[in-house]
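**Q** Quick one, structure for this:
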Amino acid sequence: MPFVSISQLIRDLSMEVIYFPERKTINIKSGEVNRPGLQLTGFYKHFPYERVQIIGKVEWIYFQALDAALRKERADKLLSYPIPCLIFTRDLEIFDEFIDAAYRYGSPLLRTQESTTKFVSRIINYLNDRLAPVITRHGVLVEVYGIGILITGESGIGKSETALELVKRGHRLVADDAVEIKKRDDHTLLGSAPKAIRYFMEIRGLGILDIVKLYGTGAVRDTKVIDMVVELENWDETKKYDRLGLEEDYINILGNKVNKIVIPIKPGRNLAVLIEVAAKNYRQKKMGFYAAEELEDRIMQKMHE
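**A** Numbering: from 1, shown residues only. Below you'll find the predicted structure:
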């Protein structure tokens, strides 16, 4: 299971450390956060203690209004749970009761100058990005007319050569050979190249190519949302290929459905042009225009006439 360490969170979000327990490893595994307003009132049913806890101005004002004995009791109760950390926003003063309880239970106590709303939004986006499921797939990822296309197929079938032709025609390379795919949400898959091989491409007979030096920085990009998958396969005379495009095919990647088309390879077929057309056709369909359905309607109309 992916996780983010508290030390990494502090560094990446530039937070002030009020207290951090020595020789203790604490990892965050949830991408959600909690503002413990109800807990400060004494209500702990269904308390999501595994989340980062954030105290903003509202919680701070409520806690300040409590008497000394109740403040000590409520702070002790909150930090007695194994929370990842407690963060105060708006550079608010840290109550002594929380500092004492933090030392007692070994709970990290942090602070940020940001407003609560902005910080909550930033930390949720940060955690969702860092904790997102990631897999690596063999293939090539390119951007064609703004559409992210993952080209797959057997080794040596011509994925990289097709991508090179697309780059030459003004499109952009994201990843060659190995594509890291991150699930941002239930509708978004983000593809990128491992840092070690970013911007490089392997072409059999030519070797390793540096696409940036050959075609410039405009020929590459670091990440791209994967909109569709194009699978290349050798032409099989016994197989019936889709000739109309009336049926939609999909592939499941990390639980997300992604549009998929299969392009059979045969001498004389210009794969780069076909992928360009596939990208334009995909965009047309997103706008509600289906060429196959339009043709079918025309034929039916002629038949009725």
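**Q** I'd like the distance between residue 9 and residue 163.
**A** Look at residue 9 and residue 163: by C-beta to C-beta, to the nearest Å, they are 37 Å apart. C-betas here are computed from N, CA, C, even on glycine.
**Q** The two: which is more packed in?
**A** Per other C-beta atoms under 10 Å, whichever of residue 9 and residue 163 has more neighbours is residue 163, with 29 against 23.
**Q** Please, which helix or strand holds that one?
**A** helix 159-168 (DSSP states H and E).
**Q** The helix or strand following that helix packs against which elements?
**A** Toward the C-terminal end, the helix or strand that comes next after helix 159-168 (DSSP H and E) is strand 172-185. If you count contacts as 3 or more C-beta pairs under 8 Å, 6 or more residues apart in numbering; DSSP states H and E, strand 172-185 packs onto helix 116-131, strand 134-144, helix 159-168, strand 188-192, strand 200-203, strand 223-225.
**Q** how about the ones you listed, which one is nearest residue 216?
**A** helix 159-168 (10.2 Å; C-beta to C-beta).
**Q** which helices and strands does that closest one pack with?
**A** strand 134-144, strand 147-153, strand 172-185, strand 200-203, helix 211-215, helix 271-286.
**Q** Residues in contact with the shortest one: which ones?
**A** Read it as strand 200-203. 160, 161, 163, 164, 173, 176, 177, 208, 209, 210, 211 (C-beta atoms under 8 Å, 6 or more residues apart in numbering).
**Q** What score does residue 238 have for pLDDT?
**A** As predicted, residue 238 sits at a pLDDT of 79.
**Q** Could you check how many residues crowd around the residue found closest to residue 228 once you drop the neighbours it is linked to in the chain?
**A** In this structure, residue 228 finds its nearest non-sequential neighbour in residue 259, 4.3 Å apart by C-beta to C-beta, 6 or more residues apart in numbering. Residues lying near residue 259 (other C-beta under 10 Å) number 19.
**Q** Also the one 5 residues further on?
**A** Residue crowding around residue 264 was assessed by other C-beta under 10 Å; the count is 14.
**Q** need the contact list for it.
**A** Residue 264 neighbours (C-beta under 8 Å, 6+ apart): 233, 234, 235, 236, 239, 241.
**Q** Give me the three-state assignment for it.
**A** Following DSSP: H, G, I helix; E, B strand; the rest coil, the label given to residue 264 is strand.
**Q** okay, and for the protein, where does confidence drop off?
**A** Flagging of the chain using pLDDT under 70 yields the residue ranges 1, 243-246, 305.
**Q** Tell me which residue lies nearest the centroid of it.
**A** Geometric centre of the chain, nearest residue: residue 184, 2.9 Å, by C-alpha atoms, centre = their mean.
**Q** before we move on, the earlier item: export the helices and strands packed on strand 172-185 to JSON lines and tack on distance to residue 87?
**A** Compiled in JSON lines, those are given as follows (distance: least, C-beta to C-beta, whole Å):
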{"stretch": "helix 116-131", "distance to residue 87": "8"}
{"stretch": "strand 134-144", "distance to residue 87": "26"}
{"stretch": "helix 159-168", "distance to residue 87": "44"}
{"stretch": "strand 188-192", "distance to residue 87": "27"}
{"stretch": "strand 200-203", "distance to residue 87": "40"}
{"stretch": "strand 223-225", "distance to residue 87": "28"}
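**Q** To residue 27, which of those lies closest?
**A** Closest among the helices and strands packed on strand 172-185, once you apply C-beta to C-beta, is helix 116-131, at 10.4 Å.
**Q** And the closest one, what does it pack against?
**A** strand 4-5, helix 6-12, strand 33-34, strand 52-55, strand 172-185.
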